[in-house]
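**Student:** Sequence and predicted model, in that order:
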Amino acid sequence: MTTWRQMHPSDLPSVMRIANEIHHALPETEAVFRERLHLYPGGCFVLVNDGSDDNKAGIGGYVISFPIRHGKPPALNAMLGEIPADADQYYLHDLAILPGFRGRGAARDGIGRVLGVARGLGYRMCCLISVYGTVPFWKKFGFEPEPGQVDEVMMEKLRGYGEEATYLVRRNTMLGVLGS
């Protein structure tokens with residue numbers, strides 16, 4: 001059985017192994033992951049399998065999220081320094097799940113967890129940068145392009161995330177059931 005739990009610093013070697021497998025074309029250093037976990041542990045989770053099903057026991061995925069200023073996601077592999085005191089939007093930096101852990105609703109549950117954190121903190125919007133042509137996946141969860149938000153600074157950041165990178169937002173007033 002798989003469940004999401006709070007990420008701990010001791011999970012970072014497993015998180016890096018997953019990140020390097022899933023995002024080999026978009027690498028980030030362990031220092032970036034460690035900083036995000038340190039700055040905003042309440043937005044960092046790992047998907048853990050207890051070994052009672054067909055998968056080996058261990059970590060099979062992770063999610064990293066944190067508050068930002070509206071329309072100001074970080075560049076790929078960039079240190080944050082701090083969470084802005086005037087943050088007004090919640091950013092889903094990364095969701096990665098190994099293939100053997102997919103198809104059981106883990107992504108839906110992880111996204112639901114992140115949206116719950118954002119709503120609980122009063123953020124009216126969540127955003128992310130979709131990579132690898134995953135816009136249709138994110139649309140199932142209410143994320144859409146935000147017209148007028150992609151200026152030259154944002155375009156430069158998006159280029160760092162690859163050709164298909166797209167900035168998406170979701171209004172947190174959407175309280176319905178998440179898509180599958």
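**Tutor:** Sure thing, it's come through. Numbering: from 1, shown residues only.
**Student:** And the strands in this protein?
**Tutor:** Using DSSP state E, the strands assigned to the chain run over residues 2-6, 44-49, 58-68, 89-97, 125-130, 144-145, 166-171.
**Student:** got the angle between the longest helix along the chain and strand 2-6?
**Tutor:** The longest helix of the chain (DSSP state H) is helix 106-120. When axes from the mean of the first three to the mean of the last three CA atoms, to 10 degrees is applied, the directions of helix 106-120 and strand 2-6 differ by 30 degrees.
**Student:** With mean neighbour count and mean pLDDT added, can I get the strands of the chain in CSV?
**Tutor:** Using the backbone N, CA and C atoms, a C-beta is placed for each residue, glycine as well. Shown next, in CSV, are those (neighbours: other CB atoms under 10 Å; pLDDT from 0 to 100):
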stretch, mean neighbour count, mean pLDDT
strand 2-6, 15, 94
strand 44-49, 23, 95
strand 58-68, 22, 96
strand 89-97, 23, 97
strand 125-130, 22, 96
strand 144-145, 14, 92
strand 166-171, 18, 94
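**Student:** With distance to residue 75 added, can I get these in a markdown table?
**Tutor:** Compiled in a markdown table, the strands of the chain are given as follows (distance: least, CB to CB, whole Å):
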| stretch | distance to residue 75 |
| --- | --- |
| strand 2-6 | 26 |
| strand 44-49 | 19 |
| strand 58-68 | 12 |
| strand 89-97 | 11 |
| strand 125-130 | 10 |
| strand 144-145 | 19 |
| strand 166-171 | 13 |
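**Student:** For residue 80, which of those is the nearest?
**Tutor:** With CB to CB as the measure, strand 58-68 is the member of those nearest residue 80 (7.5 Å).
**Student:** Report all helices and strands that the closest one contacts.
**Tutor:** When contacts are defined as 3 or more CB pairs under 8 Å, 6 or more residues apart in numbering; DSSP states H and E, strand 58-68 packs onto helix 12-22, helix 30-39, strand 44-49, strand 89-97, helix 106-120.
**Student:** Format these as JSON lines; extra columns: distance to residue 67.
**Tutor:** Converted to JSON lines, the helices and strands packed on strand 58-68 look like this (distance: least, CB to CB, whole Å):
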{"stretch": "helix 12-22", "distance to residue 67": "20"}
{"stretch": "helix 30-39", "distance to residue 67": "10"}
{"stretch": "strand 44-49", "distance to residue 67": "13"}
{"stretch": "strand 89-97", "distance to residue 67": "6"}
{"stretch": "helix 106-120", "distance to residue 67": "8"}
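**Student:** closest one to residue 5 among the ones you listed?
**Tutor:** Closest to residue 5 of those is strand 44-49 (CB to CB; 5.7 Å).
**Student:** ok, the closest residue to residue 18 other than its chain neighbours - contacts?
**Tutor:** With sequence-adjacent residues excluded and distances taken as CB to CB, 6 or more residues apart in numbering, residue 18 is closest to residue 96, at 5.3 Å. Going by CB atoms under 8 Å, 6 or more residues apart in numbering, residue 96 touches 18-19, 22-23, 61-63.
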